[in-house]
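J.: Next input, structure requested:
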Amino acid sequence: MAQFYDSRWPQFGPLEIAKHEGNQLNSQEHSRFARALLLSFLALLSLQVSALSQKSEPTRLFQVIHNGKLAFIDKTGKIILQTKYDGTLPWGFSEGLMGISFPTDPAHTGWPSKEGYIDLSGKLVIKPRFSSAYPFSDGFALVWTEHGAGYINHQGRMVISPNKSFEGSRSFSEGLATVAGHGKFGFIDKTGRLVIEQRFDAAGSFSEGLARVYVGDLSGYVDKTGSLVIAPKFQTSDNSNFSEGLAAVGVGEKMGFIDRTGRLVIPAIFDAAYPFSEGLAHVTMNQKDGFVDKSGRLVIAPRYELAGNFSEGLAPMRIGGKYGYINQAGAFVIAPRFSFGSSFDGGLASVSEGDDKGGYIDSSGNYVWRNEPSRPCPCPGQTSKPYTRSGHTSRERDPLTELVYCCSPW
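T.: All right, here's what the predicted structure looks like:
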């Protein structure tokens, strides 16, 4: 069976793929997902926040800690919003709202907690009453209660009632959401109606009109009518959603790319392959990373220790143990000097230089925000080390992850 994950990152089987793709999963898988999220793709590690509502917002915001509390800056480093909160959920704002965790125990040690949402002014607009609250997508947010998974609208009203049979639920994407019951996966519409029956062994979210599904150990793709438009004959991973018209799939021991007809248009010669972004796809050969174009030509030879996708014309690369940023010609425009570097998003990238050093840089490599020194932890008996939801620190030290306070439940 092919190696469909870069061996340097967490690996999951077919059923687990469906539960970990994107940011939705059942409550029992919650802590495993958070750890995988922090260790996986560089773009996810950035934790940068989009302040775009459904009608679009004029300002892009980024999370920082200022004077011991959560705050948000714009791309110039100016503080736009100062909150009274100690921490957030990892994904920040989506469609103008962001999840916040509130400890429910008298000692305020951070666990257990309830989760609600604040708006772009910092006002609590959806009261904390959920055990888990996920980002808004297509106008709805997936939430978990003691009665199971359900979906709320921007006003906090439960528009699809909690259902314990919605195992492995995910956010809506292109009008449909993946749900599972009794070990089989299907899709619901925004009324909660099951429009694609639960007949698959695993399923991803819709992307460019197609969704990845498993039948046994092999996967293919369905359209929004539930028809298998690409027969299940490939091995796939979380990185196999369609992007820019192509999808990375496994054939035998290697990975290549198919088009929307299922035709292999870039031969399966790579040890790992990732979605196309800005016309290039990140691939791995012999434990070195490079990039191919849509003709399959290696335009940036595999010579880097680790790479992230191109975003805003730049891609993070690790060489000699340090991260820098290259352009699409493969030339470093920001020299490798960071212990961690995220992808650019909204004009900024989060970087770390070890310990408390780091913050946000612009596309010239100049800091627009530097992290404030860590403060003593106010929680009795706890230390101020960074925590994920599972209680483990991330392998690569993300400056935003490190600024999570010990009182946070994650």
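J.: ok now do the closest residue to residue 208 other than its chain neighbours, which residues does it touch?
T.: In this structure, residue 208 finds its nearest non-sequential neighbour in residue 242, 4.2 Å apart by Cβ to Cβ, 6 or more residues apart in numbering. In this view, the C-beta of every residue, glycine as well, is placed from N, C-alpha and C. Residue 242 is in contact with 207-210, 221, 260, counting by Cβ atoms under 8 Å, 6 or more residues apart in numbering.
J.: Give me the pLDDT for residue 242.
T.: At residue 242, the model reports a pLDDT of 98.
J.: Pull up the gap between it and residue 334, please.
T.: Distance, residue 242 to residue 334, by Cβ to Cβ, to the nearest Å: 30 Å.
J.: Could you do residue 232 as well?
T.: For residue 232 relative to residue 334 (Cβ to Cβ), the value is 42 Å.
J.: the more surrounded of the two?
T.: With neighbours defined as other Cβ atoms under 10 Å, residue 232 and residue 334 compare such that residue 334 has more, 24 against 19.
J.: In the stretch 301-410 of the chain, what residue spans correspond to helices?
T.: Along the stretch 301-410 of the chain, counting by DSSP state H, counting those that start in this stretch, helices occupy 399-402.
J.: Point out where it drops to low pLDDT.
T.: When residues are selected by pLDDT under 70, those of the stretch 301-410 of the chain lie in 374-410.
J.: Recalculate using a threshold of 50.
T.: Applying pLDDT under 50 to the stretch 301-410 of the chain flags residues 377-410.
J.: Please narrow the contacts of residue 242 to those residing in strands.
T.: If you go by DSSP state E, the contacts of residue 242 have 207, 210, 221 in strands.
J.: Same list, those, but as a markdown table with neighbour count and pLDDT please.
T.: Converted to a markdown table, these look like this (neighbours: other Cβ atoms under 10 Å; pLDDT from 0 to 100):
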| residue | neighbour count | pLDDT |
| --- | --- | --- |
| 207 | 18 | 97 |
| 210 | 20 | 98 |
| 221 | 29 | 98 |
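J.: Among the residues you listed, which one sits closest to residue 320?
T.: Closest approach between the ones in strands among the contacts of residue 242 and residue 320, by Cβ to Cβ: residue 207, at 35.0 Å.
J.: neighbouring contacts of stretch 146-163?
T.: Stretch 146-163 has contacts (Cβ under 8 Å, 6+ apart) with 26, 95-97, 116-117, 125-127, 131, 136, 139-145, 164-167, 169, 172, 177, 179, 188, 190-192.
J.: residues contacting residue 370?
T.: Applying Cβ under 8 Å, 6+ apart, we find residue 370 in contact with 357-359.
J.: Generate a ChimeraX selection restricted to the buried subset of the residues you listed.
T.: Buried residues among the contacts of residue 370 (16 or more other Cβ atoms under 10 Å), as a ChimeraX selection:
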select :358,359
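J.: ok, of the contacts of residue 370, which one's closest to residue 281?
T.: When the contacts of residue 370 are ranked by distance to residue 281 (Cβ to Cβ), residue 358 comes first, at 28.3 Å.
J.: Would you mind listing where the protein has pLDDT under the threshold?
T.: Looking at the chain by pLDDT under 50, you get 1-58, 377-410.
J.: Stretch 302-317: how far from the chain's middle?
T.: From the chain centre to the centre of stretch 302-317 is a distance of 17 Å (Cα atoms, centre = their mean, to the nearest Å).
J.: Kindly apply the preceding question to stretch 217-225 instead.
T.: Counting by Cα atoms, centre = their mean, stretch 217-225 is centred 22 Å from the centre of its parent chain.
J.: which stretches of the stretch 301-410 of the chain form strands?
T.: Taking DSSP state E, counting those that start in this stretch as the test, the strands found in the stretch 301-410 of the chain are 306-307, 315-319, 322-326, 332-338, 340-341, 349-354, 357-361, 367-370.
J.: which neighbours does the helix or strand harbouring residue 255 have in its sheet, and in what orientation?
T.: Assigned by DSSP states H and E, residue 255 belongs to strand 254-258. Strand 254-258 has the following strand partners under DSSP bridges: strand 247-251 (antiparallel), strand 264-270 (antiparallel).
J.: Pick the most buried one from those.
T.: When these are scored by mean count of other Cβ atoms under 10 Å, the highest mean neighbour count falls to strand 247-251 (a mean of 25).
J.: now for whichever strand or helix holds residue 274, which elements pack on it?
T.: In this structure, residue 274 sits in strand 272-277 according to DSSP H and E. Packed against strand 272-277 by the contact rule (3 or more Cβ pairs under 8 Å, 6 or more residues apart in numbering; DSSP states H and E) you find strand 247-251, strand 254-258, strand 280-285.
J.: can you put those strands in JSON lines and add distance to residue 303?
T.: Output for the helices and strands packed on strand 272-277, formatted as JSON lines (distance: least, Cβ to Cβ, whole Å):
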{"stretch": "strand 247-251", "distance to residue 303": "20"}
{"stretch": "strand 254-258", "distance to residue 303": "19"}
{"stretch": "strand 280-285", "distance to residue 303": "10"}
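J.: Select, out of these, the one closest to residue 101.
T.: Nearest of the helices and strands packed on strand 272-277 to residue 101, taken as Cβ to Cβ: strand 280-285 at 32.8 Å.
J.: contact partners of the closest one?
T.: Residues contacting strand 280-285 (Cβ under 8 Å, 6+ apart): 6, 246, 248, 255, 257, 269-275, 289-293, 298-300, 302, 307-310, 315, 328.
J.: what packs against the helix or strand following that strand?
T.: Tracing the chain C-terminally past strand 280-285 and defining elements by DSSP H and E, one meets strand 288-292 next. Judged by 3+ Cβ pairs under 8 Å, 6+ apart, the packing partners of strand 288-292 are strand 280-285, strand 298-304, strand 306-307.
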